[in-house]
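**Student:** Provide a 3D model corresponding to the input given below.
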Amino acid sequence: MTNNDQQKGKSPSISTCSFAQVVSAITAIELLVETCKAARDSLFDHPQSTEDPPPLPVLHQDLLSLLSLVYGSVTKLSLALKPSSPTYSACLVPLQDLSNYIAAISHCVSMFDASVHGTTLAKEVASVAIDVVETVQTLATVFLQIEGSSERPRTGDEYLVRTGAVHSVIDIARHAEDGLSENNLTAVRRLWFKDAGALEDGVREVVEMIEDVQSGITTESEDGWDELGLEPSQPLTEQELKVAQKVLIVLRLCNILHQRVISDILSTPTLPSNSSLDDLAPLSPALLGTVDELISALDSPQDLDSVTTELNMLKGVIDDIRNRLSVLNNQPVSLVTLLQKTSLNEVTVSTNRNSRDGWFNACFDQIAKAIHSAAEASN
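**Tutor:** The predicted structure follows:
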């Protein structure tokens, strides 16, 4: 490199590097980007079944190990390609390693068999892998942009932000309690637990709506709506208040049901069949969606036909949950579980199971009555 090169905006650190090293580094980064693209496409086309998949604990540990290797290589890469003082000779090994690890992650995920290990778990694993691959691809793309810039020292710290993004995704996956699910039961429980907070928020929203009317508070007293070009909601009429109070009972019962499914059904030490769990998995977001629509229908002025329609939709989801739980409760206990129990424990388990089934049946009946009562109030 000559002084003319420095005058064109190239940093002194690059001028001391051989042109061959720079070209090799750029080629390796481009290869990593292409590897990420291919892996991402493969993950989106994740097969539903494979021949003779490895045991789930082995796959789980292999994937976590690969994520740890990606974490370390990304750290080395960011240190080697620091824009103000890149060391091209030191970046080639982590770049090659990353390409190999990304390809290995894609292969590992393809071994998670939906028919053997569970569809919900397979989807979660693929989603985590896609997040990792995409964040690595974005980081590599940033480094390509830096290499193509004529003002390297002014490219900022975006590469550090992108490095942190990779680390964050992997840290979440490796977390002992909230990380990658160990089995399909854990994956389904996580889906249900994710919706629990939103369901509780919905109950609080309706409670506040009712309390505002009972205390004489109206949204007309709130400032700032006009400035945003939005009209405040009208206060509930006496009839609309009665409907909201009836719906609140429904929402509270649904919230209790949702919590008990998590604590009693999805926290059992025995593993129900994957097919039954996978059928139950989408019903939590379905419940949350219907609840949100029902709450929206309570805003004044209420369209009572819409309230009735949303109540019927909610009843359909509750019926689906009841049917799915019925299938789960009627599944035979595995031979391993039976061998681990004494005769006294078997009596206890049977009693507890009957008590649990009785509670759920009573809860479903109460929800049905509450929905019917709310529908009558809206007519």
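**Student:** Now name the helix or strand holding Leu314.
**Tutor:** helix 304-329 (DSSP states H and E).
**Student:** Which strands and helices lie in contact with that helix?
**Tutor:** In terms of contacts (3 or more Cβ pairs under 8 Å, 6 or more residues apart in numbering; DSSP states H and E), helix 304-329 is packed against helix 238-260, helix 274-280, helix 283-296, helix 343-377. No exception for glycine: its C-beta is placed from N, CA and C like everyone else's.
**Student:** let's see 7 Å
**Tutor:** In terms of contacts (3 or more Cβ pairs under 7 Å, 6 or more residues apart in numbering; DSSP states H and E), helix 304-329 is packed against helix 274-280, helix 283-296, helix 343-377.
**Student:** show me where pLDDT drops low in the stretch 251-379 of the chain?
**Tutor:** 330-353 (pLDDT under 70).
**Student:** One more pass at 90, please.
**Tutor:** 267-273, 300, 326-358, 378-379 (pLDDT under 90).
**Student:** which residue sits closest to Leu180 in space, ignoring its chain neighbours?
**Tutor:** Ala173 (4.9 Å; Cβ to Cβ, 6 or more residues apart in numbering).
**Student:** Against Leu160, how distant is the one you found?
**Tutor:** 21 Å (Cβ to Cβ, to the nearest Å).
**Student:** Please identify which of the two sits among more neighbours.
**Tutor:** Ala173 (22 against 14; other Cβ atoms under 10 Å).
**Student:** What about Ser127? Give its phi and psi, please.
**Tutor:** phi -60, psi -40 (degrees, to the nearest 10).
**Student:** list the buried ones in the helix holding Leu314?
**Tutor:** Neighbour counts over helix 304-329 (16 or more other Cβ atoms under 10 Å) mark 304, 307-311, 313-315, 317-318, 320-322, 324-325, 328-329 as buried.
**Student:** quick one on the thing from earlier: who touches the residue nearest to Leu180 in this structure?
**Tutor:** Residues in contact with Ala173, defined by Cβ atoms under 7 Å, 6 or more residues apart in numbering, are Leu67, Val128, Gly179, Leu180.
**Student:** Rank those residues by pLDDT and give me only the lowest.
**Tutor:** Among the contacts of Ala173, Gly179 has the lowest pLDDT, at 91.
**Student:** And that one, how close does it get to Gly72?
**Tutor:** 17 Å.
**Student:** for His175, same thing?
**Tutor:** On the measure of Cβ to Cβ, His175 and Gly72 end up 17 Å apart.
**Student:** So those two - more neighbours on which side?
**Tutor:** Counted by other Cβ under 10 Å, His175 and Gly72 do not tie: Gly72 has more neighbours, with 14 against 10.
**Student:** Local confidence estimate at the more buried one?
**Tutor:** For Gly72, the predicted pLDDT is 98.
**Student:** Now do the buried residues in whichever strand or helix holds it.
**Tutor:** Element membership for Gly72 (DSSP H and E) is helix 56-80. Across helix 56-80, burial judged by 16+ other Cβ under 10 Å covers 56, 59-60, 62-64, 66-67, 69-71, 73-74, 76-78, 80.
**Student:** Also stretch 365-378?
**Tutor:** So, applying 16+ other Cβ under 10 Å, buried residues of stretch 365-378: Ile367, Ala368, Ala370, Ile371, Ala374, Ala375, Ala377, Ser378.
**Student:** Find the nearest non-adjacent residue to the first one, please.
**Tutor:** So the one you mean is Ile367. Leu253 (4.7 Å).
**Student:** My reading is that Val93 lies in a strand. Confirm?
**Tutor:** No: counting by DSSP: H, G, I helix; E, B strand; the rest coil, Val93 falls outside a strand, being helix.
**Student:** So for it, what's the nearest residue that isn't a sequence neighbour?
**Tutor:** That would be Lys76: by Cβ to Cβ, 6+ apart, it lies 7.7 Å from Val93.
**Student:** Please report how far that neighbour lies from Leu95.
**Tutor:** 9 Å.
**Student:** cool, and Asp303?
**Tutor:** On the measure of Cβ to Cβ, Asp303 and Leu95 end up 59 Å apart.
**Student:** which of those two has more neighbours?
**Tutor:** Leu95 (24 against 12).
**Student:** wait, doesn't the more buried one sit right on Ala80?
**Tutor:** No: with contacts counted by Cβ atoms under 7 Å, Leu95 stays clear of Ala80, the gap being 8.7 Å.
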